[in-house]
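[1] Structure for this input, please:
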Amino acid sequence: MNGVPDAFADHLADTYPNLAAHTTLRLGGPAGTVTTAVDTGEAVAAVRRATAGGRPLLVLAGGSNVVIGDAGFAGEVLLLRNRGIEVVSEGAGEVLVRVASGEPWDDFVAYAVNKGWSGVECLSGIPGAAGSTPIQNVGAYGQEVAHTIAAVHAYDRIDDRQLAMTPAECRFGYRSSVFKHNDRYLVTAVDFRLAAEDLSAPIRYAELARQLGVEAGDRVPLQLARETVLKLRAGKGMVLDPEDRDTWSVGSFFTNPVIPAELFAELTAARGEIPGWPGADGTVKVPAAWLIEHAGFPKGFAGDGVSISTKHTLALTNRGAGTTGALLALARTIRDGVRDRYGIDLHPEPVLVNCAL
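    Presented below is the predicted three-dimensional model:
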């Protein structure tokens, strides 16, 4: 999750001090300075000032995929609040639409579904800003933003210029891109190429297909796909709710590990059946949630003021009195337990700021 809707951000700012006000974990210490940019020009100007002054800069569009240390961030924090959805071109059964980086992601998905634009409907309910989605190559229920991104507009801090980057230049991978762990670029807008039709893209994810009562590869009305994904996500505590502590998280804390097929075969021979998704490159993706549960860490497994979500094993949550230190201690316990049992290393999905796992 990356970014939060305005009303939810206002709720956080009214309730929590410091950078905790700008993260869905409600964790994070003080900032040196905070600047809010409501348009691209203001955002670029703020980055230029920080670069010219040699000051560290943290860009947040809501803070739902970031873990900020208890000591906070001593540099400059830029809050992206630029908004806008613009049709660039239409024709031949498709539409090219440009979305400002600060536009709440689910607002855009809802807009696309209502317009009859297909390609992002299975990414419903992810509380991210649009500009954050290419950084993480956000994906869920068989879709990734890389499937529909036509270009990413960004400001290059090194060359001091604005540019449009092709998907190849973005170097998208599993929950990764050229933008992740790289402060060279400020994403200012994203172009998505969507199909102009009322049916979803082919349903790829088995759980979603079962819930819809269809076969993998079938298509369903856009609104039905969106409503079903929202229902599935809500049942896992993955739709923001200020009253539900299971949503006080960064979503999935660990990525699904991708291991060599030989190691997967050795593990299944030694440990019995383990779920996995074979890749075309001789690797197997193993569900991190399964590894965590079978290493002895069930839903609700608690640390000091923090715990695994009671709804989803991959979400580590702040129960209201937690700290970043306690959250990371819980993450280390889980990581080490999985490594001890299966010999597989789990890696964090969120960006860690002034803290380490």
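
[2] just the helices in the stretch 101-250 of the chain please.
    Under the criterion DSSP state H, counting those that start in this stretch, helices of the stretch 101-250 of the chain are mapped to 105-115, 133-136, 167-170, 206-212, 222-235.

[3] Would you mind putting those helices into TSV with mean neighbour count and mean pLDDT alongside?
    For the C-beta atoms, the positions are set from N, CA and C on the backbone; glycine is no exception. As requested, those are arranged in TSV below (neighbours: other Cβ atoms under 10 Å; pLDDT from 0 to 100):
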stretch	mean neighbour count	mean pLDDT
helix 105-115	20	97
helix 133-136	28	94
helix 167-170	15	98
helix 206-212	16	96
helix 222-235	19	97
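
[4] Which of these sits closest to R339?
    helix 133-136 (23.8 Å; Cβ to Cβ).

[5] Tell me the helices and strands packed up against the closest one.
    strand 185-196 (3 or more Cβ pairs under 8 Å, 6 or more residues apart in numbering; DSSP states H and E).

[6] What residues sit buried inside the strand it packs on?
    Applying a neighbour-count criterion of 16 or more other Cβ atoms under 10 Å, the buried positions in strand 185-196 are Y185, L186, V187, T188, A189, V190, D191, F192, R193, L194, A195.

[7] Tell me which other helices or strands it touches.
    Strand 185-196 packs on helix 40-52, strand 94-100, strand 117-118, helix 133-136, strand 149-156, strand 161-165, going by 3+ Cβ pairs under 8 Å, 6+ apart.

[8] Just checking: what are the partner strands of that strand?
    If you go by DSSP bridges, strand 185-196 pairs up with strand 94-100 (antiparallel), strand 117-118 (antiparallel), strand 149-156 (antiparallel).

[9] Most tightly packed of the ones you listed?
    Stretch with highest mean neighbour count among the strands paired with strand 185-196: strand 117-118 (a mean of 24; mean count of other Cβ atoms under 10 Å).

[10] which residues does V59 contact?
    V47, V77, L78, L80, D183, L186 (Cβ atoms under 8 Å, 6 or more residues apart in numbering).

[11] what's the helix or strand for it?
    Secondary-structure element containing V59, defined by DSSP states H and E: strand 57-60.

[12] before we move on, back to that, most neighbours of all the contacts of V59, which one?
    For the contacts of V59, the largest neighbour count, defined by other Cβ atoms under 10 Å, is 29 neighbours, found at L80.

[13] The strand holding V59: what's the following helix or strand?
    strand 66-68.

[14] After that following strand, which helix or strand is next?
    Downstream of strand 66-68 (by DSSP H and E), the next one is strand 73-80.

[15] Please enumerate residues in contact with the helix or strand just after that next one?
    Going down the chain from strand 73-80, the next helix or strand is strand 85-91, by DSSP H and E. Applying Cβ under 8 Å, 6+ apart, the contact partners of strand 85-91 are V95, L96, V97, R98, V99, A100, E103, F108, Y111, D191, A196.

[16] rerun that using 6 Å as the cut-off
    Outside of strand 85-91, the residues within contact range by Cβ atoms under 6 Å, 6 or more residues apart in numbering are L96, V97, R98, V99, Y111.

[17] Kindly report the same for stretch 258-278.
    Residues from elsewhere that reach stretch 258-278 (Cβ under 6 Å, 6+ apart): G282, T283, V284, K285, V286, P287, W290.

[18] The fourth one reaches T255, doesn't it?
    In other words, K285. No: counting by Cβ atoms under 6 Å, K285 stays clear of T255, with 9.3 Å between them.

[19] Export the contacts of V59 to a markdown table and append columns for pLDDT and distance to M165.
    A markdown table is the format used below for the contacts of V59 (pLDDT from 0 to 100; distance: Cβ to Cβ, whole Å):
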| residue | pLDDT | distance to M165 |
| --- | --- | --- |
| V47 | 96 | 16 |
| V77 | 94 | 24 |
| L78 | 95 | 20 |
| L80 | 94 | 18 |
| D183 | 90 | 15 |
| L186 | 97 | 12 |
